[in-house]
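Chemist: starting from these lines, generate the structure:
(one chain, ligands or ions: 2)
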Amino acid sequence: MNEYDSNRIYDLAYEINYKKTNSLKEADCYVLNTCHIREKATDKVYHDIGRVKKKFRNKKKPIVVVTGCVAQAEGEILLKQEKYIDAVIGPQSYQDFKKTILDLEKKHIKINHTEFEVIEKFDKLNITKNSQSSVSSLLTIQEGCDKFCKFCVVPYTRGSEYSRSIKELINEAKQLVDNGAKEIILLGQNVNAYNSYGKKLSNLIQEISSIKDLKRIRYTTSHPIDFSEDLISAHSNFEKLMPLIHLPVQSGSSHILKKMNRKHNIDYYLNLIEKLKKKNSLIKFSSDFIIGYPGETDEDFNQSIRLLKSVGFINTYSFIFSPRIGTPAAQMELLNDKICKDRLITFQKIAADIKMEYRKKLFKKKAEVLFENRLNGTDSFFGRDKFNNSVIVNSKENLIGQIKDVLINSGNHSTLKGEIIKDETNREFAA
Ligand code: SAM
Ligand code: SF4
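Modeler: Ligands and ions are numbered 1, 2, ... in the order given. Prediction:
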């Protein structure tokens, strides 16, 4: 979501005559867009500002703005502690970006915009054209969260759930496709909680599917509890909807899920997975796990391992619990650091083995790959298959924006390598 926000902030900056530079030394304005989901986010801000300061020693300082959730959660402190920062702008106040910069150009002041005005934000952003021109483009459809998982800072930094209207989203999706997008990734903290005057995520997928030159649709991140029957059916109804579902579970123990206030238990989660597989047998899953949540016993942890193995997630993101100031879990007693680290190592090793086992099954099989870019100065092209696996092939022809059948030859945890199939006979798609 920060990537989408960064693009939109750039669109706003462009309207007041700023352009991107790859050279930090040349910047007149430096925007640091931040994430607050886990620890060290604030340290990173100070560290990055330190780098800017060094580059601009003995020179006129650039305008320095911190945006994103660190600005929201700790903006006042940042402004007080680091005089080099001129403004902080929270995620619901990007509509104020242009005015902030224009004000800072005129006079040396400190500006703090951390209000929650999500409707005004999107009303104002809608009139700024989305200039993203990636083959795979991001589109925020929903923001904020009302779930209040006890470990999570999102409801405090992004505010309550808000869904943008279908009309404005179709408009923006068409802009992206006109700019060259072949894939759109619909984004939301709880993307499947999307609800705009009764129109749900499945309705939006249906509408966006009808954009002719768009080839693929993905959405992330889903909350298991918001997976309604119509969305389950969408996975058999809409061919453009890709068969990888990111479905964060957080723990394999229903006891820990309750302590997290997750609102789903493991039986419910497994049942949902079965329902989805029944609708579309191709579907695969990825997930997030928190390791070492307060109160997690050896048995709770083993249940996470059992779930990991039984579902066979093709990708997982696992994190040691990080206490976030202001959240209820930050008051709970922390587990011993060594126990958490050991559990994380064990978990990630098993997850990596499962991933590699799955990947080996793709070798010598056919994959449909949408190519996104060329690797710097080479004839190698990078793309993704339907399950979001990264694939690299060599080609003399420019493949960007095309979907090609690729024979997968080899690969590791991060990338698969293959060759374009010219002879269409006798190649089996991976299941
Ligand atoms: N809304 C999604 C859901 O509920 O499934 C998750 C979005 S959250 C922004 C992204 C991931 O960060 C979570 O799935 C969780 O695994 C991780 N996360 C959030 N807060 C955390 C914390 N305090 N410590 C460790 N990991 C955390
Ligand atoms: Fe955070 Fe997701 Fe829970 Fe919302 S549902 S509080 S975004 S983890």
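
Chemist: quick check: bridge partners of residue 63?
Modeler: Residue 63 has the following beta-bridge partners by DSSP bridges: residue 29.

Chemist: next one: the one 5 residues further on
Modeler: Beta-bridge partners for residue 68, by DSSP bridges, are residue 34.

Chemist: what residues are up against it?
Modeler: Contacts for residue 68 were tallied using Cβ atoms under 8 Å, 6 or more residues apart in numbering; they are 2, 5, 32-36, 90-91. Bear in mind the C-beta positions are built from the backbone N, C-alpha and C, glycine included.

Chemist: mind running it again at 10 Å?
Modeler: 1-2, 5-6, 9, 31-36, 41, 45, 88-91, 94, 157-158 (Cβ atoms under 10 Å, 6 or more residues apart in numbering).

Chemist: PyMOL command to pick out the buried ones of those?
Modeler: In PyMOL syntax, the buried subset of the contacts of residue 68 is picked out as below (16 or more other Cβ atoms under 10 Å):
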select buried, resi 1+2+5+6+9+31+32+33+34+36+41+45+88+89+90+91+94+157+158
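
Chemist: and the contacts of residue 68 near ligand 1, which?
Modeler: Among the contacts of residue 68, no residue sits close to ligand 1 (Cβ under 6 Å from any ligand atom).

Chemist: where does pLDDT dip in the chain?
Modeler: Flagging of the chain using pLDDT under 70 yields the residue ranges 423-431.

Chemist: does the residue of it most remote from its centre sit in a helix, a strand or a coil?
Modeler: For the chain, the largest distance from the centre (Cα atoms, centre = their mean) belongs to residue 58, which lies 38.4 Å off. Secondary structure, DSSP: H, G, I helix; E, B strand; the rest coil: residue 58 is coil.

Chemist: next one: it from residue 257, what distance?
Modeler: According to Cβ to Cβ, to the nearest Å, residue 58 stands 55 Å off from residue 257.

Chemist: correct me, but residue 194 touches residue 139?
Modeler: No: contact criterion Cβ atoms under 10 Å: residue 194 and residue 139 do not qualify, at 11.5 Å.

Chemist: quick one on the thing from earlier: keep only those of the contacts of residue 68 that are in strands.
Modeler: 31-34, 88-89 (DSSP state E).

Chemist: format those as a markdown table; extra columns: distance to residue 171.
Modeler: Shown next, in a markdown table, are the ones in strands among the contacts of residue 68 (distance: Cβ to Cβ, whole Å):
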| residue | distance to residue 171 |
| --- | --- |
| 31 | 26 |
| 32 | 30 |
| 33 | 24 |
| 34 | 29 |
| 88 | 30 |
| 89 | 25 |
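
Chemist: I'd like to know which of these is nearest to residue 132.
Modeler: The closest of the ones in strands among the contacts of residue 68 to residue 132 turns out to be residue 33 (Cβ to Cβ; 14.8 Å).

Chemist: what's the nearest residue to residue 168 once chain neighbours are set aside in contact with, if anything?
Modeler: Counting by Cβ to Cβ, 6 or more residues apart in numbering, residue 126 is the residue found nearest to residue 168 once chain neighbours are left out, at 5.2 Å. Taking Cβ under 10 Å, 6+ apart as the criterion, residue 126 is in contact with 164-165, 167-169, 171-172.

Chemist: can you tell me how far residue 126 sits from residue 142?
Modeler: Residue 126 is 15 Å from residue 142, where distance means Cβ to Cβ.

Chemist: swap in residue 4?
Modeler: Using Cβ to Cβ, residue 4 is found at 12 Å from residue 142.

Chemist: go on, residue 349?
Modeler: 35 Å.

Chemist: who has more neighbours, these two?
Modeler: Shown here are residue 349 and residue 142; by other Cβ atoms under 10 Å, residue 142 has more neighbours (25 against 10).
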